[in-house]
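Q: requesting a structural model of the entry that follows:
(one chain, ligands or ions: 1)
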Amino acid sequence: MKEVQILMKFNEAKQLIEDLKLKINYHNKRYYDLDSPEISDYEYDMLLRQLESLEAMFPELISQDSPTQKVGGSAADKFKPVAHDIPMESLHDSFSKEEIIDFDRKLRANFPNIEYVVEPKVDGLSVSVEYRNGVLVRGSTRGDGLVGEDITENLRTIKSLPLKLNEDIEFLEVRGEVYISIGNFLKLVSQQEENEQKPFKNPRNAAAGSLRQKDANVTRQRNLDICIFNVQKVLGKNLKSHKESLDYLKALGFKVPPFYNKYNDINQVIEEIERIGELRGKLSYDIDGAVVKVDSLELREKIGSTAKFPKWAEAYKYPPEEKETTLLEINVNVGRTGVLTPTAIFEPISLAGTTVSRAVLHNEDFIKEKGIKIGDKIIVRKAGEIIPEVVGVSEHSTGSKEYTMPTICPSCAAKVIREEGEAAIRCTNLQCPAQLLRHLIHFVSRDAMDIEGLGPSLLEKLVENNLITSPFDIYKLKSENISKLERMGEKSAKNITDAIEKSKNRELYRLIFALGIRNIGKGAAKLLAAEFSSIDELMSATAKDMAKIDGFGEIMAQSVVDYFSIDQNKVLIEQLKNLGINPMAKEIIKKNIFEGKTFVLTGTLPTLKRESAAAMIESFGGKVSGSVSKKTDFVLAGEDAGSKLTKAQNLGVNIISQEQFLAMCE
Ligand code: ZN
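A: Modelled structure (predicted):
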């Protein structure tokens with residue numbers, strides 16, 4: 001009986017281990033190689049922990065491919081590999097004070113006078129940088145700890161990393177953490193949102209993604225920072241302790257941890273860990289823990305490493321701070337892409353060193369799934385991520401109110417829609433103030449109305465100064481408005497108003513594309529312009545009419561119908577038409593090909609109605625006459641053509657069929 005139980009447990013553990021390995025490898029890939037994690041670092045650490053303890057119980061189940069047996073990610077093939085002379089080990093993590101006390105107890109048994117340095121652990125990407133005779137020669141990522149990627153050019157763009165040291169030391173290899181400040185991270189995320197790119201989830205991913213760019217210029221624009229925290233190898237200098245080496249690094253011109261004090265008592269170490277923990281959220285960058293390191297370098301040698309970790313250092317990871325509070329209300333913000341995002345407003349609480357009173361609720365499904373009602377007691381968390389989030393409900397309050405998302409946009413009162421398969425609810429009005437700037441940038445872009453000189457920053461200023469509230473206002477701009485705002489010369493301002501004027505004659509497809517109809521890209525706009533000869537014709541078309549177009553889907557067709565069903569959009573079209581912005585597809589493309597030509601129509605054409613043929617001739621600059629004479633250029637003849645055809649034959653006038661006529665129009 002007992003044996004059976006153990007056997008079951010073994011099988012159970014085996015299955016659990018396999019599941020955990022799969023999960024962790026998946027998240028590893030998202031974290032290290034794709035820079036796009038789905039779970040918080042803390043949740044990841046907990047998965048790894050679970051696997052470790054199962055493997056400790058069943059050591060026979062440890063396999064070489066277990067995530068517990070290797071360090072971090074693999075070197076991607078984007079960059080040249082760099083073998084690390086000194087392995088870049090990762091640190092063992094602790095999640096409780098007891099583990100830190102344990103770490104000390106083991107070491108102190110052999111080395112009673114041991115001293116430690118405690119420093120904050122910056123949350124970024126670990127790199128190695130090498131200097132020869134004081135000059136930066138190479139930099140690389142950690143990779144798997146043994147082989148990393150050569151990112152020298154990208155590292156050179158980091159302003160806080162000296163290219164030349166204050167001393168021409170023979171050789172120095174240092175280890176540091178590349179990170180992005182919270183301010184720069186928030187700027188980057190808002191830029192990404194503006195460009196409709198997927199924003200980075202947290203500063204660590206932003207730093208990693210920016211550092212591993214093929215184009216060093218992109219890295220430069222991200223304004224990364226670096227904190228150097230260890231001497232890996234040095235020739236031409238004798239260093240005895242960690243504190244001494246940090247002082248030396250500082251003197252050489254490196255940015256080092258902001259504090260690194262020495263302690264000989266583990267209780268002081270714990271106090272320092274707590275003090276650093278309270279600073280979280282107050283620093284200009286993200287920290288995910290504190291590191292305790294043996295100070296004496298000689299002692300470090302004696303203590304040595306396991307296969308994976310140095311035994312002379314321990315990282316303490318701060319748990320994400322969670323607190324309970326009361327949900328007061330839910331506000332809805334409209335983002336620049338028109339997505340309505342619910343935000344929880346709650347009784348202010350102090351989290352990770354800052355006071356917070358609002359947190360993201362993601363979307364409607366999230367609120368429903370968690371059963372969140374206004375008045376409930378909720379749990380709010382702030383992990384490594386900058387923006388706090390609502391974890392869930394801790395207690396429903398009597399009389400708490402169910403929340404429903406608004407059906408109209410809180411910014412402009414237009415109808416909102418939730419598309420199938422999408423969690424987001426969007427405002428359908430492209431002139432919604434919340435979306436205006438993004439819409440304007442699109443409207444003037446090269447593939448749309450192509451207005452040169454009217455760039456995003458100028459548009460932003462025009463919007464800020466209330467000079468533009470819709471694309472139509474672009475056409476009312478005067479060069480004085482522009483020159484006053486931009487402090488630019490009158491000539492440059494005049495160039496912009498000239499470009500605006502010129503854009504009035506753009507092709508129909510450009511205008512359709514410029515309107516920014518959802519799901520209608522440049523290609524789809526061209527298909528529409530080929531089928532409908534004017535905006536008016538397009539506006540009166542049904543979804544069915546459009547769905548008939550080869551290459552045009554139902555969703556696209558419905559998007560066009562939805563667009564023209566909104567009053568603000570109809571007004572815009574009307575305003576643009578009044579300005580003379582009303583391109584005719586065929587007229588614009590084949591301007592006046594029949595200019596000066598006279599046509600006579602006779603008989604029944606196979607498919608074209610006589611009126612349509614006449615309209616086409618006129619739209620191409622030709623004239624339609626009722627009778628044939630010497631001045632007639634073409635007779636378009638169909639079946640049962642009578643005397644007009646005979647006369648044309650006698651006069652030697654060109655006689656064409658519908659087929660030939662259409663070919664001429666092509
Ligand atoms: Zn709106």
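Q: make it CA atoms for all contacts and neighbour counts henceforth
A: Fine.
Q: could you check how far Pro258 is from Val332?
A: Shown here: Pro258 relative to Val332, a distance of 39 Å by Cα to Cα, to the nearest Å.
Q: how about the residues of the stretch 301-450 of the chain by the ion?
A: Those residues of the stretch 301-450 of the chain that sit near the ion, judged by Cα under 5 Å from the ion, are 409, 411-412, 427, 432.
Q: make that the chain, sorry
A: Within the chain, the positions adjacent to the ion are 409, 411-412, 427, 432 by Cα under 5 Å from the ion.
Q: now intersect these with the strands, please.
A: For the residues of the chain next to the ion, the ones inside strands are Cys427, with DSSP state E as the criterion.
Q: now the residues of the chain next to the ion as CSV including neighbour count and pLDDT?
A: Below are those laid out as CSV (neighbours: other Cα atoms under 10 Å; pLDDT from 0 to 100):
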residue, neighbour count, pLDDT
Cys409, 25, 90
Ser411, 17, 83
Cys412, 16, 85
Cys427, 27, 88
Cys432, 23, 82
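Q: between the residues of the chain next to the ion, which is nearest Asn217?
A: Minimum separation from Asn217 among those (Cα to Cα) is found for Cys432, which lies at 34.8 Å.
Q: the closest one touches Cys412, doesn't it?
A: Yes - with contact defined as Cα atoms under 8 Å, Cys432 reaches Cys412; the gap is 5.5 Å.
Q: which neighbours do the two share?
A: Common contacts of Cys432 and Cys412, defined by Cα atoms under 8 Å, 6 or more residues apart in numbering, are absent altogether.
Q: so where do the helices sit in the stretch 401-550 of the chain?
A: Listed in chain order, the helices found in the stretch 401-550 of the chain under DSSP state H, counting those that start in this stretch are 436-444, 456-464, 471-474, 479-486, 490-502, 508-514, 522-531, 535-539, 543-547.
Q: so Pro258 and Val332 - more neighbours on which side?
A: Set side by side, Pro258 and Val332 show more neighbours around Val332, with 19 against 9, by other Cα atoms under 10 Å.
Q: can you classify that one by secondary structure?
A: Assigned by DSSP: H, G, I helix; E, B strand; the rest coil, the conformation of Val332 is strand.
Q: just checking, it touches Pro342?
A: Yes - checked against Cα under 8 Å, the pair Val332 and Pro342 is within contact range at 4.4 Å.
Q: for the protein, what's the longest helix?
A: helix 2-28 (DSSP state H).
Q: list the helices and strands that one packs on?
A: Counting contacts by 3 or more Cα pairs under 8 Å, 6 or more residues apart in numbering; DSSP states H and E, helix 2-28 packs against helix 41-57.
Q: show me which residues of the helix it packs on are buried.
A: Buried residues in helix 41-57, counted by 16 or more other Cα atoms under 10 Å: 41-42, 44, 48, 51-52, 54-55.
Q: what's the answer for stretch 472-491, then?
A: So, applying 16+ other Cα under 10 Å, buried residues of stretch 472-491: 472, 474-475, 477, 479, 482-483.
Q: confidence score at the nearest residue to Asn519 once chain neighbours are set aside?
A: Here the nearest residue to Asn519 in space, its sequence neighbours aside, is Met556; by Cα to Cα, 6 or more residues apart in numbering that works out to 5.6 Å. Residue-level confidence at Met556 comes out at 87, pLDDT.
Q: next SSE after the helix or strand harbouring Met556?
A: Element membership for Met556, per DSSP states H and E: helix 554-564. Toward the C-terminus, helix 554-564 is succeeded by helix 567-578 as the next helix or strand (DSSP H and E).
Q: quick one: low-confidence ranges for this protein?
A: Counting by pLDDT under 70, the chain contains low-confidence ranges at 1-8, 32-36, 69-78, 194-197, 336, 352-354, 383-386, 486-487, 585-591, 666.
Q: so what's the residue of the stretch 501-650 of the chain found nearest the ion up against?
A: Among all residues of the stretch 501-650 of the chain, Gln568 sits closest to the ion, at 10.9 Å; criterion: Cα to the ion. The contact partners of Gln568, by Cα under 8 Å, 6+ apart, come to 429, 431.
Q: ditto for Val129
A: Residues touching Val129, when contacts are defined by Cα under 8 Å, 6+ apart, comprise 136-140, 173-176.
Q: tell me the strands beside whatever helix or strand it lives in, with direction?
A: Taking DSSP H and E as the definition, Val129 sits inside strand 125-132. Sheet pairing here is set by DSSP bridges, and for strand 125-132 it gives strand 135-141 (antiparallel), strand 171-179 (antiparallel).
Q: which positions within the helix holding Met556 qualify as buried?
A: 556-564.
Q: out of those residues, the closest to Ile374 would be?
A: For these, the minimum distance to Ile374 (Cα to Cα) is 33.3 Å, reached by Asp562.
Q: neighbours of the residue nearest to Leu440 when sequence neighbours are not counted, how many?
A: Across the structure, with Cα to Cα, 6+ apart as the measure, the residue nearest Leu440 apart from its sequence neighbours is Pro471 (6.1 Å). The tally of other residues near Pro471 (other Cα under 10 Å) stands at 23.
Q: contacts only, for Pro471.
A: 440, 443, 572.
Q: what helices and strands are in contact with the strand or helix carrying Glu618?
A: Counting by DSSP H and E, the secondary-structure element that holds Glu618 is helix 610-619. Contact analysis of helix 610-619 by 3+ Cα pairs under 8 Å, 6+ apart lists strand 623-625 as its packing neighbours.
Q: in a helix, Ala315, correct?
A: No - with three-state DSSP as the criterion, Ala315 is located in strand rather than a helix.
Q: can you tell me which residues contact it?
A: By Cα under 8 Å, 6+ apart, the contact set of Ala315 is 91-94, 121, 289-292.
Q: and the contacts of stretch 458-469?
A: Counting by Cα under 8 Å, 6+ apart, stretch 458-469 makes contact with 431, 433, 436-437, 440-441, 473-474, 477, 485-486, all of which sit outside it.
Q: please read the previous query as pertaining to stretch 290-302.
A: Under the criterion Cα under 8 Å, 6+ apart, external residues in contact with stretch 290-302 comprise 114-121, 239-243, 262, 269, 273, 276-277, 312-317.
Q: so Leu252 sits right up against Glu167, yeah?
A: Yes - contact between Leu252 and Glu167 holds when scored by Cα under 8 Å: they sit 6.3 Å apart.
Q: which one of these two has more residues nearby?
A: Neighbour count, other Cα under 10 Å: between Leu252 and Glu167, Leu252 has more, with 17 against 12.
Q: from the ion, how far out is the spatially closest residue to that one that is not a sequence neighbour?
A: Nearest-residue entry for Leu252: Asn166, 4.8 Å, with adjacent residues in sequence omitted and distances by Cα to Cα, 6+ apart. Using Cα to the ion, to the nearest Å, Asn166 is found at 56 Å from the ion.
Q: now do the SS call for Asn166.
A: coil.
Q: what number of residues lie near it?
A: Counted with other Cα under 10 Å, the neighbours of Asn166 add up to 14.
Q: for it, which residues are in contact?
A: Under the criterion of Cα under 8 Å, 6+ apart, the neighbours of Asn166 are 134, 251-253.
Q: could you pull up phi and psi at it?
A: phi -70, psi 0 (degrees, to the nearest 10).
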